[in-house]
Structure formats: C-alpha cells, structure tokens
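>>> got a structure for you, letters missing:
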Ligand code: SF4
Ligand code: SF4
C-alpha cells in the first residue's frame, strides 16, 4: 500500500503547531513511513493543495486568504484535522474580537510607540487579503472531523491521532479534566485572595487554585498530562472546555465564585472578589472567546461602536 497523502496549512497562526509536529522527534519516523506530505507551505514550495486523504489546518480564520485556504483544503481532503487551540476554538488571537477592525488596525499599524507611520497608512489599504470582522474557529466555516487542541498541541496526541486514523480507528479526546491528571494535592477550596502569577511563593505540592492562583484545570479538557501545573504554573486552559461544557469561561467563573464562598455566604464582598481578578476575559476566555457565547456579546459591543 502506498503512503497516505497529507496536506497541511496554517491559517491565522504563529507556527507553534507546526513546531509541535516537529517535536514528535523519533515518533515522527513511524508516522512518516505511512504518510507523505504533498503540501505543507512551512516546509515546501507547492502552490496549491492537491487531493489528499488527510488535511490538517492550524490557526483560526482571520482574513479572506485564511478562508480561501481553508475551503481549498477542506474541498481536497477526506478527513480534516483542526490542529491547535486557534483552529479548534479561535485561540488567543480571538481576544481581538473585543475590538473593532478599525481599532485593531490603528493599534497595530499607526499608534503603537514603536511605529513610525505619519500618513496613517495600513497594509489593508493596499490590495492585500481583507481582514474579516472577527477571528473565527475553523469549525465555524467547514466540517471538522478531528480536533487536536492545545497551544501548542501535545506532540504525542498528534502522532496518536494520525496513526489511529490511518489504522481506521476514530480518535477520541479525553473526557476528563486537567485536574484529573494533575499530581498536586487537593484539599479544600476556600479562596481568600486571588494572586497574579508573580505574587506570593508557590507551594510545590498543593493545588495552585487553592493557593489563590487562577488555574483553569477544573474547566479544561485533559490530554496534556497537566503540563503547566506540574511545572508550577497555572493551567491557562489551552485544551478548551471539558466534554459537554460549552462555555469554559463560565465554568471558571463558577469555580471561582463557589470557592470564594459566594454560594455559602451571601455577605461575601463581591466587589472585592471581582477587583481581585486582573483581566477576567483574558484569564477565563484566553483561548475560547470566538467559540463562546460571550463572543456574540463582544461582537454586538464592537458593532455598536461603529
Ligand atoms: S486547579 Fe490546577 S493545580 Fe489544582 S488540581 Fe486542578 S490543575 Fe492541578
Ligand atoms: S496545563 Fe492547561 S495550559 Fe498547560 S498545556 Fe495543559 S491545558 Fe494547556
């Protein structure tokens, strides 16, 4: 049997997902015995994606070129894999949905301190691909067969997904949460103060959330092996919501309010709690704003500014 053809492309992305593919290291060898990349702009100069069995896209859809590329890949492959948090949920760049296109272009090309642009020109005036009104996940435009979330995605999951698909078996994501994989000791969740990552001294063994750090482990799908909390950093939620949970941010808000004693004590100082949380949307929707219910509100707000 010949090798299975794979086409891969990045859309609105940073190339971290492609680095994760390279991070397969020796696991890449059995994969490469079975597949052949027929199109992968980050590695080879082939102008258009040919027909293939597997298509992989990283990144979300931010401009007209991203959308065109996505539709080409989808048309030419049998199985489409959305690779990484941006492709799966819109990702970190999706936080830009809180602003109008004009505000974004002005910030990036005109008003930043390091920019010298006296005539206020931006590249989108010059016939380049049109920026779309919002960052969107791949699944908002086309059917996605397999999601491999993560920023960057776990290399072991990429290898396992490709090998299981080639073997004809479906690839299933974990139905557990990062907390289920986390080795830190959990006792009682009784938050008194919310800390930013650089505040306080982290206890090496205890749950970070119980120490006051906004760890998103309870609201995030497992699969990474609890990489961040194991290394001493709070989970930022890059694997997206848990199974059957649409709104990762709402799950985190619920975790914070219940651990802050709001459920038990109606006299808890709500304003003090909210004031404690630096950048709530950035914390709770870091990777999933475009695919969240809140995104609709953000879009309405930006539309109202016009
Ligand atoms: S909240 Fe974070 S630190 Fe605590 S158990 Fe869950 S993943 Fe681990
Ligand atoms: S611990 Fe959280 S932020 Fe870190 S890799 Fe896992 S899902 Fe992503």
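That came through fine. None of the values given here were measured: they were computed from a predicted structure. Ligands and ions are numbered 1, 2, ... in the order given.

>>> so where's the stretch 101-250 of the chain shaky on pLDDT?
Where the stretch 101-250 of the chain drops to pLDDT under 70, the residues are 124-126, 189.

>>> pretty sure residue 78 is in a helix, no?
No. Using DSSP: H, G, I helix; E, B strand; the rest coil, the assignment for residue 78 is strand, not a helix.

>>> Spatially nearest residue to it (excluding sequence neighbours)?
residue 53 (5.2 Å; C-beta to C-beta, 6 or more residues apart in numbering). For the C-beta atoms, the positions are set from N, CA and C on the backbone; glycine is no exception.

>>> And that neighbour, its phi and psi?
phi -80, psi -50 (degrees, to the nearest 10).

>>> measure it to ligand 2 for me?
29 Å (C-beta to the nearest ligand atom, to the nearest Å).

>>> Check residue 180 too.
12 Å.

>>> what's the helix or strand for that residue?
If you go by DSSP states H and E, residue 180 is part of helix 178-181.

>>> Contacts for that helix next, please.
Contacts to helix 178-181, defined as C-beta atoms under 8 Å, 6 or more residues apart in numbering, come from residues 186, 216-218, 220-222, 224-226, 229, 235, 239.

>>> anything in that helix sitting right up against ligand 1?
Yes. Applying C-beta under 6 Å from any ligand atom, one finds helix 178-181 touching ligand 1 at 178, 179.

>>> residues of the helix or strand just after that helix that come out buried?
Proceeding N to C from helix 178-181, the next assigned helix or strand is helix 227-231, under DSSP H and E. Neighbour counts over helix 227-231 (16 or more other C-beta atoms under 10 Å) mark 227, 228, 229 as buried.

>>> Verify the stated contact: residue 5 with residue 49.
No. Applying C-beta atoms under 8 Å, one finds residue 5 not in contact with residue 49, separated by 10.0 Å.

>>> now stretch 219-230, how far from the chain's geometric center?
13 Å (C-alpha atoms, centre = their mean, to the nearest Å).

>>> end-to-end on that stretch?
17 Å (C-alpha to C-alpha, to the nearest Å).

>>> contact partners of it?
Residues outside stretch 219-230 that contact it (C-beta under 8 Å, 6+ apart): 149-150, 154, 157, 173-174, 176-184, 207-208, 215, 217, 234-243, 245, 248-249, 251-252, 255.

>>> Just the closest of the buried residues of helix 227-231 to ligand 1, please.
residue 229 (3.9 Å; C-beta to the nearest ligand atom).

>>> picking that back up, most neighbours among the contacts of helix 178-181, which one?
residue 239 (33 neighbours; other C-beta atoms under 10 Å).

>>> Check whether that one really touches residue 147, as I assumed.
No. Using C-beta under 8 Å, residue 239 makes no contact with residue 147, being 9.8 Å away.

>>> Can you tell me the centre-most residue of this protein?
residue 85 (2.4 Å; C-alpha atoms, centre = their mean).

>>> which non-adjacent residue is nearest residue 5?
residue 52 (3.9 Å).

>>> The one you found pairs with what?
Under DSSP bridges, the beta-bridge partners of residue 52 are residue 77.

>>> Please report the distance of it from residue 46.
Distance, residue 52 to residue 46, by C-beta to C-beta, to the nearest Å: 11 Å.

>>> can you list residues touching both of the two?
38, 39.

>>> between these two, who's got more neighbours?
residue 52 (22 against 13).

>>> For that one, give me its contacts.
Counted by C-beta under 8 Å, 6+ apart, residue 52 has contacts 5, 6, 7, 38, 39, 76, 77, 78.

>>> nearest to residue 295, of the residues you listed?
Ranked by distance to residue 295 (C-beta to C-beta), the contacts of residue 52 are led by residue 77 at 27.4 Å.

>>> pLDDT of stretch 20-35, averaged?
In this model, stretch 20-35 has a mean pLDDT of 80.
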